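Novice: sequence below, structure please.
(2 chains)
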Amino acid sequence: MGSSSSADRYWRANLKLLAILLAIWFTVSFGFGILLRDTLDTIRIPGTGFKLGFWFAQQGSILSFVVLVFVYAKLMNRLDDSIEDESDESESRP
Amino acid sequence: MTVQEWTYLIVGATFALYIVIAIRSRASSTSDFYVAGKGVSPVANGMATAADWMSAASFISMAGIISFVGYDGSVYLMGWTGGYVLLALLLAPYLRKFGKFTIPDFIGDRYYSQFARIVAVVCAIFVSFTYVAGQMRGVGVVFSRFLEISVESGVMIGMGVVFLYAVLGGMKGITYTQVAQFCVLIFAYMVPAIFLSLMMADNVIPQLGFGGASESGTYLLDKLDSLHEELGFASYTGGSKSTIDVFCITAALMLGTAGLPHVIIRFYTVPNVRDARSSVGWALVFIALLYTTAPAIAVFARTNLIDTVSNHEYATMPEWFKKWEETGLIAFEDRNGDGLIQYLGDAEKNELTINRDIMVLANPEIARLPNWVIALVAAGGLAAALSTAAGLLLVVSTAISHDLLKRSIRPNISEKGELLAARISAAVAVVVAGYLGINPPGFVAQVVAFAFGLAASSFFPAIVLGIFSKRMNSAGAISGMIAGITFTASYIVYFKYVNPTATKDDWWFGISPEGIGTLGMALNFAVALTIARFTPPPPPHVQELVTNIRNPHGAGPAHEIEV
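Specialist: Below is the predicted model:
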């Protein structure tokens, strides 16, 4: 394991990333799909029968979730690489 | 060929496939039995997780429920997918790094308490059994409708198949079988959806098709809204639940998903922390494929159903109508004696009752799709039910042989003895689940929904605090779990059993028993944090354990790490 200060930096960066991604998670589902639905329902996605709030509740939120998880995996893996660790090699073997 | 011949052929072929895979990958050590020797790739693991997760309820019931309640059904769509975001960000990588087999292991070690471990074991067994009984019932219903045998015989056949690959194969057998089952179930779900989308909206992608327009140029959703208004149902895109209730039910389902033991155990089967992260992503991709299709099927099915039955003569109804009538899942009573079917929102005048569970199964017939598609849907429903049942049985057997026997009662049991105990408990669990499937306790469907609330109010805060708060100690976590689950269970029991005549006006803050797990979870967090403030911090070795979990590097095979 690296020095405690690099571990602390890693953890703080992790928490910051979590806060941002969870804020988006909350906004697309509870925000757009539930709390702000009535307002968004006055808008229609052009060329379709979807009211925007309804679409977020039944399609948009789910698609956003998929993107969020992959963004998280990618950014965290990059963050992992930025902290030195000699045991990294051994873990790729099952 | 007839529907029945096709069903025998397709169901037979898929079953043969599952059994061959299970036999070819028989488990030889306990690690193989529980978590597939930890060598499963993230994509394969994602498919297996998706098959494990999408039960008979997702496959058979969900689109049906949405097609009857419209917007209100969004709680299931968002709830059962949004939980995966929490799982990916807050739990999976850390639990993988922790590296033990089960949730009770984590709770027991992190809170250095045998009592906490046993509370967790009991919760895990309760949640899993509730689920598995429903799955077995689902298998029985599908068999009885398509093979024209009794529900009981259907359950028996299902028990035999689950027994073969869960008990002989363990997790490795299950993982690869579930990959096959995912392919069968998603194919079976998509084919009719694509057919319908082409027929009704001239769009090959169902997710876009249900926002499209029919031949007359009106959008399908607008047409459905006006049909609903005409017939006196609540608006399809508007729904009828209050905002706070939709909010709380969605939250309870999300948090419950993240705390479900049979889902979490999946992330121990990947080789390292990186793979645990992307594995959740792949699982969610495969789940999202079905979950974004479900609302499309719901719209197509609902429109077709109303067009076919509303104000048509009962005597001219097609064959599927009569067949489902025989099962008692469709009932028609000609109240005004005019020979026409009045399908209305007003309970006084409505003449037709339809069980929501039949929509997905009956949908291809209603739309007059080819016979092989109808048979395919039956095979898909069985794949969904069996894969979930097998995963849950594994959790039950693990909880008994590993958490209870090895970790609590007989710590010096040999690996062989543990494997034998795991197989015996899996076998016993199959029999009990089959019994519950044949004689359902009557409230299975309700309890399945409540199981999420209970998982949300008990497991979720304990695990999250265990990772993100070094200061959280056993006194805080245990009192939080007990407060959360007691509050949630009392509210549910009160409104469902003690005072079932209570109305919406009696609910606290307008939150239904389905959504109360969200408040229970908040209570759990509050109690845990307060108690932990006034009790001593956890011992140094536990704080080190937390530091270690937070470091993504150096995760080894679980049985080699002893903290």
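
Novice: burial check on the residue of chain B found nearest chain A, number of neighbours?
Specialist: Of all residues in chain B, residue B:219 sits closest to chain A, at 2.7 Å by Cβ to the nearest Cβ. Yep, even glycine has a C-beta here, placed from its N, CA and C like the rest. The number of residues packed around residue B:219, counting by other Cβ atoms under 10 Å in any protein chain shown, is 19.

Novice: OK, contacts around it?
Specialist: Neighbouring residues of residue B:219 by Cβ atoms under 8 Å, 6 or more residues apart in numbering or on different chains: A:48-49, B:211-213.

Novice: quick test: name the residue nearest the centre of chain A.
Specialist: Among the residues of chain A, the one closest to the centroid is residue A:68, at 3.2 Å (Cα atoms, centre = their mean).

Novice: confidence score at the residue of chain B closest to chain A?
Specialist: We have a pLDDT of 86 for residue B:219.

Novice: same check on residue B:250?
Specialist: 91.

Novice: the helix or strand harbouring it packs against which elements?
Specialist: Following DSSP states H and E, one finds residue B:250 within helix B:243-258. Judged by 3 or more Cβ pairs under 8 Å, 6 or more residues apart in numbering or on different chains; DSSP states H and E, helix B:243-258 is in contact with helix B:74-86, helix B:444-468, helix B:517-534.

Novice: next secondary structure after that helix?
Specialist: Next along from helix B:243-258, by DSSP H and E: helix B:261-264.

Novice: any idea which of the helices and strands packed on helix B:243-258 scores lowest on pLDDT?
Specialist: Per-stretch mean pLDDT for the helices and strands packed on helix B:243-258 is lowest at helix B:444-468 (a mean of 80).

Novice: which elements pack onto it?
Specialist: Applying 3+ Cβ pairs under 8 Å, 6+ apart, we find helix B:444-468 packed against helix B:103-110, helix B:114-146, helix B:243-258, helix B:474-493, helix B:517-534, helix B:540-550.

Novice: for residue B:323, find the nearest of the ones you listed.
Specialist: Across these, residue B:323 has its closest neighbour in helix B:114-146 (8.0 Å, Cβ to Cβ).

Novice: residue ranges with poor pLDDT in the chain?
Specialist: I'll assume chain A. When residues are selected by pLDDT under 70, those of chain A lie in A:1-4, A:83-94.

Novice: the intended chain is chain B.
Specialist: Scanning chain B for pLDDT under 70 picks out B:25-40, B:100-101, B:130, B:146-147, B:165-174, B:268-271, B:327, B:408, B:440-449, B:554-563.

Novice: in the helix ranked longest in it, what's buried?
Specialist: Longest helix in chain B, counting residues (DSSP state H): helix B:273-309. Neighbour-count burial for helix B:273-309 flags B:273-306, B:308-309 (criterion: 16 or more other Cβ atoms under 10 Å in any protein chain shown).

Novice: helix, strand or coil for the residue in chain A that chain B sits nearest to?
Specialist: Closest residue of chain A to chain B, Cβ to the nearest Cβ: residue A:49 (2.7 Å). Secondary structure state of residue A:49, per DSSP: H, G, I helix; E, B strand; the rest coil, is coil.

Novice: count the residues that sit near it.
Specialist: Other residues near residue A:49 come to 24 when the count uses other Cβ under 10 Å.

Novice: for residue B:411, same thing?
Specialist: 8.

Novice: helix, strand or coil for it?
Specialist: In three-state terms, and counting by three-state DSSP, residue B:411 is coil.

Novice: ok, back up a step: and the next helix or strand after the longest helix of chain B, which residues are buried?
Specialist: Counting by DSSP H and E, the element after helix B:273-309 in chain order, helix or strand, is helix B:319-327. If you call a residue buried by 16+ other Cβ under 10 Å, then helix B:319-327 has these buried ones: B:320-321, B:323-324.

Novice: next one: stretch B:491-498
Specialist: The neighbour-count check on stretch B:491-498 (16+ other Cβ under 10 Å) flags B:491-492, B:495 as buried.

Novice: any idea which of those residues is closest to residue B:523?
Specialist: Among those, residue B:491 lies closest to residue B:523 (Cβ to Cβ), at 10.6 Å.

Novice: hmm, back to that, dump the buried residues of stretch B:491-498 to TSV, plus distance to residue B:94.
Specialist: Output for the buried residues of stretch B:491-498, formatted as TSV (distance: Cβ to Cβ, whole Å):
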residue	distance to residue B:94
B:491	30
B:492	30
B:495	35
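
Novice: still on that earlier bit, just how off-centre is the helix holding residue B:250 within its chain?
Specialist: Here helix B:243-258 shows a centroid-to-chain-centroid distance of 15 Å under the convention Cα atoms, centre = their mean, to the nearest Å.

Novice: again with stretch B:315-324
Specialist: Centroid separation for stretch B:315-324 versus its chain: 31 Å, with Cα atoms, centre = their mean.

Novice: could you do stretch A:69-80 as well?
Specialist: 10 Å.

Novice: what does stretch B:478-498 give?
Specialist: On Cα atoms, centre = their mean, the centre of stretch B:478-498 falls 22 Å from the chain's centre.

Novice: how about residues contacting that stretch?
Specialist: Taking Cβ under 8 Å, 6+ apart as the rule, stretch B:478-498 contacts B:111, B:113, B:115-116, B:119, B:123, B:443, B:446, B:450, B:453-454, B:456-459, B:461-462, B:465, B:502, B:506-508, B:512-513, B:516-517, B:519-521, B:523-525, B:527-529, B:531.

Novice: only alpha carbons, please: show that stretch as CSV.
Specialist: Taking C-alpha atoms only, stretch B:478-498 is exported to CSV below (Å, rounded to 0.1, in the frame of the first residue of the first chain):
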residue,chain,number,x,y,z
ILE,B,478,-26.8,-3.4,15.1
SER,B,479,-29.3,-0.9,16.7
GLY,B,480,-29.7,0.8,13.3
MET,B,481,-30.5,-2.5,11.6
ILE,B,482,-32.9,-3.6,14.3
ALA,B,483,-34.6,-0.1,14.4
GLY,B,484,-34.9,0.0,10.6
ILE,B,485,-36.3,-3.5,10.0
THR,B,486,-38.6,-3.4,13.0
PHE,B,487,-40.1,-0.1,11.9
THR,B,488,-40.6,-1.2,8.3
ALA,B,489,-41.9,-4.6,9.2
SER,B,490,-44.4,-3.1,11.8
TYR,B,491,-45.7,-0.6,9.3
ILE,B,492,-46.2,-3.3,6.6
VAL,B,493,-47.8,-5.8,9.1
TYR,B,494,-50.1,-3.1,10.5
PHE,B,495,-51.5,-2.0,7.1
LYS,B,496,-51.6,-5.4,5.5
TYR,B,497,-52.7,-7.7,8.3
VAL,B,498,-53.7,-5.9,11.5
